[in-house]
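Trainee: with the input below, show me the fold.
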Amino acid sequence: MAPRALLAAGAVTAALVAGCTSTVEPGGGESFSAATLPTLDAPSVSPPPRPDVRRTMSAAATLTTFEAPLDACRGPVAIDVGEAGRPLLVSEHDYCGGAAWIPGLGRGDVVELDGPGVDAGLYRVDVVDRHQRRDVFVRDLRPSADVVLQTCVSQTQLVLVALTKVPRQDV
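Mentor: Numbering: from 1, shown residues only. Next comes the predicted model:
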């Protein structure tokens, strides 16, 4: 390549580089390198609800093995009722602490559960039902619930509280 051609090529390259680094285009607009894009805000994610009550299971059991851990009064017991389509039953005697938290729950309250036998996380109260103690059966456990809490409230009545798991939010 002739020296004159090299000088011309160098001048074109210098002009292109200068055009890329200049903040003003020949027509008066902003150059690509100086352009800014608007900041996009991430979609807002609401924080998970705060639990009104927190309980850790003392044991996991079945309908044939729940009496000993329940009578030990070490906390609520997660009971697998062994019937397809029925929720987990979480039970605590009224005189062992169950009466202090289960009957006071209302629709919309949030309960945090963890420990053996339970899918740890937050649960929202859907329904609170009172029943005669001797008239409640596994079929009375709401199949739409994920967990049903149970405790006695008197010599003749008990309360069943249906809970639905609050979905985890990825943060």
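Trainee: mind listing the strands for this protein?
Mentor: 53-56, 59-62, 77-80, 88-91, 110-114, 121-132, 147-152, 157-165 (DSSP state E).
Trainee: list the single closest residue to residue 133 in space, sequence neighbours excluded.
Mentor: Nearest residue to residue 133 in three dimensions, chain neighbours excluded: residue 158, at 5.1 Å (CB to CB, 6 or more residues apart in numbering). From N, CA and C alone the C-beta is placed, and that goes for glycine too.
Trainee: tell me the bridge partners for that neighbour.
Mentor: With DSSP bridges applied, residue 158 shows beta-bridge pairing to residue 131, residue 152.
Trainee: in this structure, where is pLDDT below threshold?
Mentor: Filtered on pLDDT under 70, the chain yields the residue ranges 1-37, 40-45, 169-171.
Trainee: one step back: count of neighbours near the residue nearest to residue 133?
Mentor: Neighbourhood size, residue 158 [other CB atoms under 10 Å]: 22.
Trainee: how near is it to residue 115?
Mentor: 22 Å (CB to CB, to the nearest Å).
Trainee: and if you look at residue 125?
Mentor: In terms of CB to CB, residue 125 sits 19 Å off from residue 115.
Trainee: please say which of these two ends up with more neighbours.
Mentor: Set residue 125 next to residue 115 and count neighbours by other CB under 10 Å: residue 125 wins out with 20 against 17.
Trainee: so which bits of stretch 129-141 are buried?
Mentor: The neighbour-count criterion (16 or more other CB atoms under 10 Å) identifies 131, 141 as the buried residues of stretch 129-141.
Trainee: could you do stretch 46-59 as well?
Mentor: 51-53, 55, 57-59.
Trainee: out of these, which one sits closest to residue 109?
Mentor: residue 52 (4.5 Å; CB to CB).
Trainee: could you pull up the residues touching the residue nearest to that closest one when sequence neighbours are not counted?
Mentor: Using CB to CB, 6+ apart and skipping residues adjacent in sequence, the residue nearest residue 52 is residue 109, 4.5 Å away. Residues in contact with residue 109 (CB atoms under 8 Å, 6 or more residues apart in numbering) are 52-53, 124-125.
Trainee: and the helices in the protein?
Mentor: For the chain, applying DSSP state H gives helices covering 3-21, 67-71, 98-101.
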